[in-house]
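S.K.: Sharing a model prediction with you, sequence too.
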Amino acid sequence: MVVRSWEGRSHPGAGLEYFTYLTEAVIPAIREVPGNQGVQVLRGVGAAADSFMVLTFWSDVASIEAFAGADAEHAVVPPEAQALLADFDARARHFDVIFQQRPGVS
């Protein structure tokens, strides 16, 4: 399994709106890509803005390329999301899962 990691920070006061857009538009599209094995969103609430880390789980790099294109590290940030973000990573990072231990997950 490969984990794709990406981070962004919302404009002040736009954190909830960004999260709503993410869960209603972006995540459903990601879940439709063959090879996607799930999504986790982490949110850090700050005084000025919220930060987000989006972790997507993939069976292999070819699945990521089906989502992001031939440059698998290219960050896919639709214009609607960009309007809600003060800044965001232009590149995603990828990690091979070499160990995992959670109740109910082998």
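M.R.: Received the coordinates, thanks.
S.K.: Verify the stated contact: residue 89 with residue 75.
M.R.: Yes - between residue 89 and residue 75 there is a contact under C-beta atoms under 8 Å: 5.5 Å. Any C-beta I mention is one placed from the backbone N, CA and C, and that applies to glycine too.
S.K.: list residues touching both of the two?
M.R.: residue 6 (C-beta atoms under 8 Å, 6 or more residues apart in numbering).
S.K.: Name the residues of the helix or strand harbouring residue 29 that are buried.
M.R.: Using DSSP states H and E, residue 29 falls within helix 27-31. Using 16 or more other C-beta atoms under 10 Å as the test for burial, helix 27-31 gives 27, 30.
S.K.: Bridge partners for the spatially most central residue of the chain, pull those for me.
M.R.: Centroid check for the chain by C-alpha atoms, centre = their mean gives residue 54 as the closest residue, at 3.1 Å. Counting by DSSP bridges, residue 54 is bridged to residue 6, residue 41.
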